[in-house]
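K.L.:
build the 3D model from these lines:
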Amino acid sequence: MQPVYLVDASIYVFRAWFSIPDEFVNSQGEPTNAVYGFTGFLCSLLERTRAQHIGIAFDESLETSYRNEIYPQYKANRDPAPEELKRQFKWAREVAETMGLRCFSDSRYEADDLIGTLASHWRDRGHPVCIISSDKDLTQLIEKNDTWWDFTRDRKLNPAKIKDKFGVFPEQIADFLALTGDSVDNIPGIPGVGPKSAAALLSHFENLEALWERMDEVQHLSIRGAKTLHKKLHDHRDAAELARRLTGIETEVHSTLESPGVTRGETDEACLNRLFDEMNFGQMLRRRCLRCK
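P.N.:
Numbering: from 1, shown residues only. The predicted structure follows:
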């Protein structure tokens, strides 16, 4: 079965926004640098993979999700996206759709959750899944025949390599992040529990549920500061359980994904030319997109 490629689009839009000069503007003088960089990324991905089954997941809201209902401070450490970047997210999606790529978004769920749902759907139908992202959270979705691919660094991880890198298996990543916290998403974990301690705990207990049930074993483990660690876990269990509700990725967002098809369609050349004219993109990128049919 052919692989299904699932793209965490926001990361590549943001990367282009910060790395490409803002002198790229449309006829109204509005920045188009993030769209330009994202389009180049799509071309590179299609050139390398010749993907025929590919889904592009966007964060419809850059500030809120159902996780903010659970914990209002979720991602509160991030500055709001400026309007000139929000516009470019809309245009980036238009470019992707013009190139025949199926795009997904939801007002309540994040791109991670849409990718989780699509991965589950297509894996159940026999397709290996390749998740294109640099976000470590998404490694929790990787199963036996799947790959997590940090495209920019060209780093691919299968389940064994995820274990080598993080010290835990993919199915333990959400628990791992609940223990350590995740500063990128402003998720508090257990103070003083770092990656090594979290990995050691999950190596012994396998998951948080078993850890809470057998907490008394912690002080007898051959982990540095085990007795102190036992107290930290006891005192901050509520924080870890809250964090676990945030770090887990949903895999059943069926309200949005009633039509989960990811087969690539034809490039709409006329529409692509119109969009590129509006954004003042040159012939080189235009020809490159058209060659990616």
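
K.L.:
can we go C-alpha only for contacts and neighbour counts from here?
P.N.:
Noted.

K.L.:
list the contacts for Phe200?
P.N.:
Phe isn't right for residue 200; it's Ala. Listed by CA atoms under 8 Å, 6 or more residues apart in numbering, the contact set of Ala200 reads Ile223.

K.L.:
give me the element it is part of.
P.N.:
Per DSSP states H and E, Ala200 falls inside helix 195-205.

K.L.:
tell me the confidence at Pro82?
P.N.:
With respect to pLDDT, Pro82 has a value of 88.

K.L.:
residues near it, how many?
P.N.:
8 (other CA atoms under 10 Å).

K.L.:
for it, give its distance to Arg224.
P.N.:
Noted for Pro82: a distance of 45 Å to Arg224, by CA to CA, to the nearest Å.

K.L.:
which parts of the stretch 151-293 of the chain are helices?
P.N.:
159-166, 173-180, 195-205, 208-213, 226-235, 237-247, 269-278, 283-291 (DSSP state H, counting those that start in this stretch).

K.L.:
which secondary element of this protein has the worst mean pLDDT?
P.N.:
helix 226-235 (a mean of 91; mean pLDDT, DSSP states H and E).

K.L.:
what's near enough to touch the residue located most distally from the centre of the chain?
P.N.:
The outermost residue of the chain relative to its centre, with distances by CA atoms, centre = their mean, is His220 at 37.1 Å. Shown in contact with His220 (CA under 8 Å, 6+ apart): Ala226, Lys227.

K.L.:
how near is Lys227 to Asp8?
P.N.:
41 Å.

K.L.:
so these two - more neighbours on which side?
P.N.:
Between Lys227 and Asp8, counting by other CA under 10 Å, Asp8 is the more crowded of the two (24 against 15).

K.L.:
residues in contact with the more buried one?
P.N.:
Ile56, Ala57, Phe58, Ala111, Asp112, Ile115, Ile131, Ile132, Ser133.

K.L.:
okay, stretch 140-156 in PDB with CA atoms only?
P.N.:
Output of stretch 140-156 as PDB, limited to C-alpha atoms (Å, rounded to 0.1, in the frame of the first residue of the first chain):
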ATOM      1  CA  GLN A 140       3.200   9.800  19.800                       C
ATOM      2  CA  LEU A 141       1.200   8.800  16.700                       C
ATOM      3  CA  ILE A 142       3.900   6.700  15.100                       C
ATOM      4  CA  GLU A 143       3.300   3.000  15.000                       C
ATOM      5  CA  LYS A 144       5.200   0.000  13.500                       C
ATOM      6  CA  ASN A 145       5.300   1.000   9.800                       C
ATOM      7  CA  ASP A 146       5.100   4.700  10.200                       C
ATOM      8  CA  THR A 147       7.600   7.600  10.000                       C
ATOM      9  CA  TRP A 148       7.900  11.000  11.700                       C
ATOM     10  CA  TRP A 149       9.800  13.200   9.300                       C
ATOM     11  CA  ASP A 150      11.400  16.600  10.200                       C
ATOM     12  CA  PHE A 151      11.600  17.700   6.600                       C
ATOM     13  CA  THR A 152      13.700  20.800   7.100                       C
ATOM     14  CA  ARG A 153      16.500  18.800   8.900                       C
ATOM     15  CA  ASP A 154      15.800  15.700   6.800                       C
ATOM     16  CA  ARG A 155      15.500  13.600  10.000                       C
ATOM     17  CA  LYS A 156      13.300  10.600   9.900                       C
END
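
K.L.:
flag the shaky bits of the stretch 151-293 of the chain, pLDDT-wise.
P.N.:
Applying pLDDT under 70 to the stretch 151-293 of the chain picks out residues 255-258.
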